[in-house]
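return atomic coordinates for the entry below.
(one chain, ligands or ions: 1)
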Amino acid sequence: MKSFAYLGPEGTFTEAALNRVPEADGAQQVPLGSVITALNQVRSGEVDAAVVPIENSVEGGVTATLDAIASGDELHIIREVLVPISFMLVGRPDGPRELTELHSVATHTHAWAQVRIWAEANIPNAAYVQAASTAAGAHGLLDHTTTYDAAVCAPHLAKKLDLPILAEGIEDTAGAVTRFVVVARAGHLPQPTGSDKTTMVVPLPEDRPGALVQIMNQFSTRGVNLSRIESRPTGEYLGKYFFSIDLEGHLADERVSAALAALYRMFPGVRFLGSYPRAEHVPYVIPEYTTDEAYQRGRAWVRSILDRSNTGNH
Ligand SMILES: O=C(O)C(=O)C[C@]1(C(=O)O)C=C[C@@H](O)C=C1
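Numbering: from 1, shown residues only. Sure thing, here's the model as predicted:
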């Protein structure tokens, strides 16, 4: 049986993402305490894959994930999953019910960032307590070793744990979505579907003026559209950064493989992090001169010139 690690405990948004992964149907689900532990268990072979958050439509990139897959033993993303995000505020079964009486509220940092404005207006006396996940915060309300009054969690968990619901729909931005990825050991490359995404990281040499433009040029001349680009510190020293990039297309597409080959020539530290089907499955439009057929036409033309010439006979 296949095993999938995820950021637990039961009831996280990550678990909801895992339940949307077709390959995980009937698989063993392994809840773990952090994204880093989940990725390390994939690396060590304790689990076959892990589901981890990578990007939120309001908060942006999930830095723990972006950094953990950018270095260490290579991992490949094999699928992405989108989960709509909405939050509820739940209380202790025997705790205060009035919002103004709440003195502390626990949740994941990313969840807190998405309800901060609501919290300032509605629970002004509550201090924030960091939890390992939204579900960890909510489960803690049933546990007498914790002391906080309330937690911010997913609606499905609030109902499942039968905790008093103090407020619902408390997210600052309606319609938020978090993108999760399924990560496996390097070597898994899903077939191209015609609507794919490729993820990579490119370390930025600080002694090369215009390095970012050089990276971008490789994509723009080949009609490759980017869907995400973020800079992250490598952690080595101040000013040393890498770019984390998602592009539209599969490594097996001529224009993508040509762009990556060029990047590798110019930036040998580039790391391929997988080509996988896009969650939205909307076909993208690419310029006619960048289709596989156009590349093959171009190569055939060059070959015909070489074949007709007596190269080396002069
Ligand atoms: O704490 C959870 O429930 C998670 O799955 C983590 C996480 C995140 O890391 O962004 C996932 C989705 C929400 O945006 C809030 C928290």
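
show me where this protein has helices.
Listed in chain order, the helices of the chain (DSSP state H) span 13-18, 35-44, 63-70, 109-113, 116-122, 134-139, 155-160, 211-220, 254-266, 292-308.

per-residue confidence for His144?
Note for His144: predicted pLDDT of 85.

for it, give me phi and psi.
phi -80, psi 0 (degrees, to the nearest 10).

do you know how far it is from the ligand?
Distance of His144 to the ligand, given as Cβ to the nearest ligand atom, to the nearest Å: 22 Å. (C-beta placed from N, C-alpha, C; glycine too.)

what is the neighbour count of Glu55?
22 (other Cβ atoms under 10 Å).

how far away is it from the ligand?
9 Å.

also Leu166?
18 Å.

right, and that residue touches Arg97 too?
Yes - Leu166 is in contact with Arg97 according to Cβ atoms under 8 Å; the separation is 6.7 Å.

joint contacts of the two?
Residues touching both Leu166 and Arg97 (Cβ atoms under 8 Å, 6 or more residues apart in numbering) are Gly91.

next, the contact list for Ala154, please.
Gly11, Thr12, Phe13, Ala16, Ser86, Phe87, Met88, Thr134, Ala135.

now neighbour count and distance to the ligand too, for these, in CSV please.
CSV is the format used below for the contacts of Ala154 (neighbours: other Cβ atoms under 10 Å; distance: Cβ to the nearest ligand atom, whole Å):
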residue, neighbour count, distance to the ligand
Gly11, 23, 8
Thr12, 26, 3
Phe13, 28, 4
Ala16, 20, 8
Ser86, 16, 10
Phe87, 26, 8
Met88, 24, 12
Thr134, 28, 4
Ala135, 27, 6
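
against which helices or strands is the worst-scoring helix or strand of the chain on mean pLDDT packed?
The weakest-scoring helix or strand in the chain, judged by mean pLDDT, DSSP states H and E, is strand 60-61 (a mean of 88). Other elements packing on strand 60-61 under the criterion 3 or more Cβ pairs under 8 Å, 6 or more residues apart in numbering; DSSP states H and E are strand 226-233.

just to revisit the earlier point, neighbour-wise, which of Leu166 and Arg97 wins?
The neighbour count for Leu166 versus Arg97, taken as other Cβ under 10 Å, is higher for Leu166 (23 against 10).

can you pull the contacts of the more buried one?
Leu89, Val90, Gly91, Arg97, Leu99, Leu102, Ala150.

the second one against Lys159, yeah?
The reference is to Val90. No - in this structure, Val90 is not within contact of Lys159 by Cβ under 8 Å, at 9.5 Å.

out of the two, which sits in the more crowded spot?
Between Val90 and Lys159, counted using other Cβ under 10 Å, the more crowded position is Val90 (27 against 13).

residues of the stretch 151-300 of the chain that sit close to the ligand?
Thr178 (Cβ under 6 Å from any ligand atom).

what number of residues lie near the closest residue to the ligand within the stretch 151-300 of the chain?
Nearest to the ligand, among the residues of the stretch 151-300 of the chain, is Thr178, at 4.0 Å (Cβ to the nearest ligand atom). Using other Cβ under 10 Å, Thr178 has 24 other residues around it.

who does the nearest residue to Thr147 once chain neighbours are set aside bridge with?
Of all residues not flanking Thr147 in the chain, Ser104 sits nearest, at 7.2 Å (Cβ to Cβ, 6 or more residues apart in numbering). Beta-bridge pairing for Ser104 (DSSP bridges): Ala127.

what residues are up against Ser104?
Ala126, Ala127, Tyr128, Val129, Thr147, Tyr148, Asp149, Ala150.

if you set the cut-off to 7 Å instead, what comes out?
Applying Cβ atoms under 7 Å, 6 or more residues apart in numbering, we find Ser104 in contact with Ala126, Ala127, Val129, Tyr148, Asp149.

which of those residues lies closest to the ligand?
Val129 (13.8 Å).

who touches the nearest residue in space to the closest one that is not next to it in sequence in this structure?
Leaving aside its chain neighbours, Val129 sits nearest to Ala106 (4.1 Å; criterion: Cβ to Cβ, 6+ apart). By Cβ under 7 Å, 6+ apart, the contact list for Ala106 reads Val129, Ala131, Gly137, Gly140, Tyr148, Ala151.

next one: Ala106 from Ala150, what distance?
Counting by Cβ to Cβ, to the nearest Å, the gap from Ala106 to Ala150 is 8 Å.

read off the pLDDT value for the most centrally placed residue in the chain.
Nearest to the mean C-alpha position of the chain, counting by Cα atoms, centre = their mean, stands Ile54 at 1.9 Å. On pLDDT, Ile54 comes in at 95.

hang on, it packs against Arg179?
Yes - using Cβ atoms under 7 Å, Ile54 is in contact with Arg179, at 5.5 Å.

quick one: low-confidence residue ranges for the stretch 201-314 of the chain.
Along the stretch 201-314 of the chain, segments meeting pLDDT under 70 span 311-314.
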